[in-house]
Each structure stands twice: as C-alpha cells, then as structure tokens.
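>>> Build the 3D model from these lines:
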Amino acid sequence: MLRISTTKAVATLAVILVGLMLAVPSFFTADQRSGFIKSLPSWFPTWIVPTRAIVLGLDLQGGSQIVLEVDRNDLGRTMAQGLRDDVRQALRESGVQADGGIQLQPRGVQLRVGDAANRAKVMPKLQALSQPVTDATLGQTGARTLDVREEPNGLIQLTYTDAGFNARVRRAVSQAIEVIRKRVDLGGTTEPSIQQQGADRILVQVPGLQDPARLEEQLGKTAKLEFRLLADSSAGDVDMLVSKDANGQKVPVERRVMADGADLTDAQPGFDQKSNEPIVNFKFNLRGAQRFGQATSENVGRAMAIVLDNEVVSAPRILQPITGGQGQISGRFTVQQANDLSVLLRAGALPAKLTVIERRTVGPGLGRDSIEAGKHATIVATILVVVLMFAAYGVFGLFANIALLVHVGLILGLMSVLEATMTLPGIAGIVLTIGTAVDSNVLIYERVREEVRAGRSIPSALQAGFDRAFATIVDSNSTMAIAAVILFFMGSGPVRGFAVVFILGIMTTVITAVTLTRMMIALWYQRLRPKTLPI
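Numbering: from 1, shown residues only. Model (predicted):
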C-alpha cells in the first residue's frame, strides 16, 4: 500500500497531466467556425497537445440551422429510372421487345408492344410490378403503387399513383434523416437536432457551427457513387457526363452500373504511394466485391468511370481483375475534399436530392438566465461537496477534493479529444459524477476507519481499506455504466449527451478516486509517519 513504484507514479502523473492539458483550451475563447483556440498562452505546448475546445450544445451557444426539402421532381425521375429497369427485366423474362424502346415519363414509363400476343404475355408481369401501398402507422391502405394501363395501338403506361409516390417520399425522408445524422454525427458525440417537418422537409441544427454554408455543403451532396465503363461516342445506351480527367468536358459513359456505393462497407482518406496525392480508399461487402471482380475481369483493358453524383471524378484503365473487394478513388482532391468524401461515402447516399430552402444561424435554445442558473448550481454543488469532505475526513478529505478537481478536469479533457458536445444535461452529468467520485472515497475511508477500530496498524488499515473497498467500487460503477450505455444507445440528443459525460466520469473515477488518492496518502504517510490517522 505505502510503496508506490516510480514507474507507476510517473505513469499516473503523466496521464493526469495530459488529461488536464487537454482541458485547458476549453477555458479560452475558441474560434466559432473550427473550434480551435487561437489565444492560448505562449507556454502552452501546442506542438504536443491538441488545442481544440469543447463545443457547446445548441441549448448553450446556438449553431447553424438549415431546412432541407426532398426534391420531388428528382425523386420522380429516380423512381421512373428504377421502374424502367424493372420493365426491361419483365420484357426480357417474357421474351418480348418494346417497339421503339421504353420512354421515361415524369412519374413512370411508357412503351409500345404492337403484337397482341406479346402484350398478353408481358402484361401479367407488368401488373405484378404494382404493389399495395403500406403505411408505417396504418399498415396496408388498400391503394396500389402503380397504375398500369393498356392504351389503344399497343401503348402501355405505368405511372406511380399519388399514394405510391407519397409513400416513397415519406420513406425517402426517413432514410435521409438517418444519412444526415451519420454525416454530421458519425461519432455519436456532436448531438445535432434533426427533425422531420411536414411531409417532405427536414430541420437540421448543428451546435457550435456558425457557418450554415459549410453545413449545406456537407449535407447537400447526394453522394451517389457508381462504377461504370467509358463508352464510344457512337454507342447508343450512354450518358454524357462531365469528367474531371477531361478538364470539365463531357465523356460518354455506359448506363450499366458495375457496382455502386450501396455495397461499400468502409471508406477512408489516404495518400497515393506514387504521387502522394490525397485519395479515398474503399472496401466492398461480399456482394459488391463479387460484382466488381466479375466486371473488372470481363473488361480488362477498358477505362472504368468512377461516377459521383453524375460526375466522372476519375477514369482509370482496368489493367487486371480486381477481386479483393478493395480499391481507391483519385480525382485531384485536396486533403479536406478527400476527408469529406470519405465521410459521405461511409454515411451512405441520400435516397433523393435535397434542396435547401432556409439557412440561418440560431441562438441558444435556453435563456441566458437558465444557463447562468445551471452554472451557479454546478459551482454551489461542488463547493458544498468539497466543504463536506474536508469537514468529515480532514486531511484525507483534502486529498479527495484534489482528486475530485482532477476528476472534473479529466472529463473535460476527454470530451475535448472526443469532440463531444457539452449541453445542459451534460453539465448535470458532471455534477452527478462529482457525487459518485466522492462516494468512492467515502467507501474507502469508512473501510479504513473500521480497520483502525479493529486494532490494525496504520499501514495495514490503509492497505485493507483500499483493497476491500475496491470490489464494492467496481460493482457500483459497473451497474451505473450499464445504465449509461443503455441511455447512450437508446436515447437521443440531450439524453445521449448526459450519458457520454456520465460514462467518462465513471472511467476517470478509477484514476482519481482510487489510484491518485492512494498515491497521495502513501506519499503523505512516508513523509510524516503519523502515529494516528486523522480520519
């Protein structure tokens, strides 16, 4: 108990020092756009310790707000293109060809099958494309997704019904909310506010970001990634797309998609080993790897177009089959563009184009009086706990109070590293962890008192107090950690903010309430050699 190895003491102090240094920037004014500190003291080792401050939540400092709306016209075109592929498959299975091909309409397709026998063969398969409309709340509504009509002269029209189209809009909004949440809160610590407004609008508020244009840039991209083949200009079934490799000129690209971003499992920024240019490394799932491997095996020697949001970002030549399910995207990116693209690809593509209809900076969600009241409550609670511990345990209480201050500093330092957002519930979580940290010291000290009363020597009593109370401390903190983890994964917004702070507080308790306190008491005893314990 009273022998602390030099290695353990140095390691403990180093961890505490680094944690406290990470918390220092949060007490200075941060740049509102980046969150980094520009006015730190000259002595601060910025070359070692990151200078990022804790970002305050919407309820404490405000942030950026944009309102997005699903582009119904774009969604209609996407649905029509998907329907065209389904109709083409139905024709192929029936052994029927459409006279003049399949024509796209605003909300569907039309085709002509002049032969009556062929129409009779294909119509059942086309009718089967129409499915019952299912509402998430009401279940099946009785309406159908498609209106399939057979007109004179062999004309067949397939059009999405209003019920089918509106159901797809609702589904697109729900999917878009999840994609947006991943883009702005990939680590689960930013705590944005993302809510559906009306049938086709989404309200997004991000704390601490005072630049709505930056948020719009991050969320406005569909991030639809496709791997196609370059084609000859004389080929029929092609799209003319802008290419970065061709200095903005349009190049012919086959409409057939070899693989797409839906099959990606990971995307990370990196640097090309030959040119040292920023790139994005990607990895496919099993299905995507099989499709990509088969396509590259069949087209060795041809140029593959990497298409992002209908723009060819790169068109490398396939030199050999790529069967490992991994590859890279290069396109004259900057480091920031490569980072942003990797985030977009990991989050997934938006199901439809989103149009920004409102952008602005918002103020704190809580009144200034409420914020100040929360600060005062935290200060008062801390002072009362410190006074109570000192009054109850004397010098041992002083050690607990020092550990308590370090405990709070470590929480702030960890939040800075994780780029977690501090909200008013987060402040409440800090206050709660103050009580739990002190509670650990109370358990230890009371156990030491019992051992002294039992007639043990001072070293033996101290050793038994820490050892026997440790199991109880682990049990109590484990149960609280389980509750906090459940809150984090099942909660949202302020609830998750509270859970993050509480989990960090439980982690730092082991370092401060047990290890640091034990080291201070050991050093105190070795120096003073008291005859009785002041506890």
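>>> how about residue 113, what does it touch?
96, 98-99, 119, 122, 154, 156 (CB atoms under 8 Å, 6 or more residues apart in numbering). C-beta: built from backbone N, CA, C; applies to glycine.
>>> Under the pLDDT cut-off, which ranges of this structure? List them.
Within the chain, the segments meeting pLDDT under 70 span 1-2, 28-52, 135-141, 186-191, 208-211, 220, 233-236, 362-371, 493.
>>> Surely residue 472 and residue 442 touch.
No: counting by CB atoms under 8 Å, residue 472 stays clear of residue 442, with 10.9 Å between them.
>>> host element of residue 265?
Per DSSP states H and E: residue 265 is located in strand 264-271.
>>> angle of the helix or strand following that strand against strand 264-271?
Following strand 264-271 in sequence order, the next helix or strand is strand 278-284 (DSSP H and E). Angle of strand 278-284 versus strand 264-271, following axes from the mean of the first three to the mean of the last three CA atoms, to 10 degrees, is 160 degrees.
>>> partner strands of strand 278-284, parallel or antiparallel?
Using DSSP bridges, the strands paired with strand 278-284 in its sheet are strand 264-271 (antiparallel), strand 326-329 (antiparallel).
>>> tell me the most buried of these?
Among the strands paired with strand 278-284, strand 326-329 has the highest mean neighbour count (mean count of other CB atoms under 10 Å), at a mean of 17.
>>> can you give me how far that one is from the chain middle?
22 Å (CA atoms, centre = their mean, to the nearest Å).
>>> what's the answer for stretch 505-520, then?
Remark: stretch 505-520 is offset 31 Å from the chain centroid, using CA atoms, centre = their mean.
>>> Look at that stretch and report the distance between its end residues.
Taking CA to CA, to the nearest Å, stretch 505-520 runs 20 Å from one end to the other.
>>> neighbouring contacts of it?
Residues contacting stretch 505-520 (CB under 8 Å, 6+ apart): 1, 4, 8-9, 12, 15-16, 19, 399-400, 402-404, 406-407, 410-411, 414, 429-430, 432-433, 436-438, 440-441, 444, 466, 470, 473, 477, 480-481, 484.
>>> For it, which residues meet the burial criterion?
Under the neighbour-count criterion of 16 or more other CB atoms under 10 Å, stretch 505-520 has 505-506, 508-520 buried.
>>> Which pair of these spans the longest distance?
506 and 520 (21.1 Å; CB to CB).
>>> Output the contacting helices and strands for the biggest helix by length in the chain.
Counting residues, the longest helix found in the chain (DSSP state H) is helix 458-490. Helix 458-490 is packed against helix 424-453, helix 494-509, helix 517-528, with contacts defined by 3 or more CB pairs under 8 Å, 6 or more residues apart in numbering; DSSP states H and E.
>>> still on that earlier bit, pull the most distant pair out of the contacts of residue 113.
99 and 122 (12.3 Å).
>>> So which of the two has more stuff around it?
Higher neighbour count among residue 99 and residue 122: residue 122, with 21 against 13, using other CB atoms under 10 Å.
>>> CA atoms only for whichever strand or helix holds that one, dumped as PDB, please.
Under the criterion of DSSP H and E, residue 122 resides in helix 116-127. Included here for helix 116-127 are C-alpha records, laid out as PDB according to Å, rounded to 0.1, in the frame of the first residue of the first chain:
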ATOM      1  CA  ALA A 116     -51.400  -8.600 -79.100                       C
ATOM      2  CA  ALA A 117     -50.000 -12.000 -78.300                       C
ATOM      3  CA  ASN A 118     -46.800 -10.400 -76.900                       C
ATOM      4  CA  ARG A 119     -48.900  -7.900 -74.900                       C
ATOM      5  CA  ALA A 120     -50.800 -10.800 -73.400                       C
ATOM      6  CA  LYS A 121     -47.500 -12.500 -72.400                       C
ATOM      7  CA  VAL A 122     -46.000  -9.400 -70.700                       C
ATOM      8  CA  MET A 123     -49.000  -7.700 -69.100                       C
ATOM      9  CA  PRO A 124     -49.200 -10.100 -66.100                       C
ATOM     10  CA  LYS A 125     -45.600  -9.400 -65.300                       C
ATOM     11  CA  LEU A 126     -46.100  -5.600 -65.600                       C
ATOM     12  CA  GLN A 127     -49.200  -5.800 -63.500                       C
END
